[in-house]
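In: Whatever this is, show me its structure:
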Amino acid sequence: MTLPDYGGVLAGRTALVTGAASGIGLATAIHLAAAGARVALADRSPRVADAAAEISRGGSVEHVGLTFDAAEEASIVSVVAEAERALGRIDVLVTSHGILTESPVESMGLAQWNETLSIDLTSVFLLCREVLPGMRARGHGRIINVASQLGQKGGTGMAHYAAAKAGVIALTKSLALEVSRDGVLANCIAPGPIETPLVAGISDDWKVAKRAELPLGRFGQVDEVAPTAVMLASSPFGDLYVGQTLGPNSGDVML
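Out: Purely as a prediction, here's the structure:
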């Protein structure tokens, strides 16, 4: 992987990135570190410790890997506290964890709906809530919630996922209205289909049909998404983005 020269734009900053054992979360953690940030990588997979160790070998900036369960409030509270103990504070939060399953609404069970809303939406609210006091007290913070283009347009067989991601977008806009004057800027990244383990689990029929719909004709790569997070997290590049939803989505949604 060849990383851009970010010129140390995040030197002295600390980030917490969830879903950081793989996919967009891992790529984002790597890019934030390349920009000079100390990074707490959090994931339900114990592989996150290996990812943090690998980033640490790339330079002198400190990083830590933490495990947590996004379905449990106590675990979310704990992982934020652990990140703060390990690295001192959280200047940047990137919520990149989530689950993705398929089911038409007619045959979807309540348990499947509730699980998706819990992990893909409620946990984002809880993470934002936990980091806000410190950010507001310091008068600076960046919250970057990873949503999805399906939260903007819906998706066949994915009403639960689309609803959760639409909720993330609305949550982020509302949060921006509440805290931007305190120096805390909240924004979303809404990727289209990206070549990740999450998307790999979707049916081949869905993927073939989706590629045919995309103006670009292909899914994105994680390293094409992560630089957007660096931009939003840094100054002056991200200073005017308030409650926005940025879409590296191969043209699937055009606003």
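
In: what's in contact with the lowest-mean-pLDDT helix or strand in the chain?
Out: In the chain, no helix or strand scores lower on mean pLDDT, DSSP states H and E than helix 197-200, which sits at a mean of 82. Outside helix 197-200, the residues that touch it by Cβ atoms under 8 Å, 6 or more residues apart in numbering are 22, 23, 98, 99, 100, 193, 207, 219. The C-beta positions use only the backbone N, C-alpha and C, and glycine is treated the same way.

In: Could I have the CA atoms of that helix written out in PDB?
Out: C-alpha atoms of helix 197-200 as PDB (Å, rounded to 0.1, in the frame of the first residue of the first chain):
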ATOM      1  CA  PRO A 197     -15.300  -8.400   4.000                       C
ATOM      2  CA  LEU A 198     -18.700  -6.800   4.800                       C
ATOM      3  CA  VAL A 199     -19.600  -6.600   1.100                       C
ATOM      4  CA  ALA A 200     -18.000  -9.900   0.300                       C
END
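
In: buried set for it?
Out: Neighbour counts over helix 197-200 (16 or more other Cβ atoms under 10 Å) mark 198, 199 as buried.

In: Tell me the first helix or strand C-terminal of that helix.
Out: helix 204-213 (DSSP states H and E).

In: quick one: average confidence on that next one?
Out: For helix 204-213, mean pLDDT is 88.

In: how close does the spatially closest residue to residue 138 that is not a sequence neighbour get to residue 134?
Out: Closest residue in space to residue 138, ignoring its immediate chain neighbours: residue 89 at 7.2 Å, by Cβ to Cβ, 6 or more residues apart in numbering. Relative to residue 134, residue 89 is positioned 6 Å away (Cβ to Cβ, to the nearest Å).

In: Tell me which entries of the contacts of helix 197-200 lie within helices.
Out: 23, 207 (DSSP state H).

In: Out of the contacts of helix 197-200, grab the one that's most surrounded.
Out: Neighbour counts for these peak at residue 98, which has 25 neighbours (criterion: other Cβ atoms under 10 Å).

In: State the number of residues packed around residue 236.
Out: Residue 236 has 7 nearby residues by other Cβ under 10 Å.

In: before we move on, which element is it in?
Out: Applying DSSP H and E, one finds residue 236 in no helix or strand.

In: what ranges do the helices span in this protein?
Out: Counting by DSSP H, one finds helices in the chain at the ranges 23-34, 48-57, 73-87, 110-117, 123-138, 150-153, 159-179, 197-200, 204-213, 226-233.

In: ok, the closest residue to residue 175 other than its chain neighbours - contacts?
Out: Closest residue in space to residue 175, ignoring its immediate chain neighbours: residue 186 at 4.4 Å, by Cβ to Cβ, 6+ apart. Residues near residue 186 by Cβ under 8 Å, 6+ apart: 128, 142, 143, 144, 145, 172, 175, 176, 179, 180, 242, 243.
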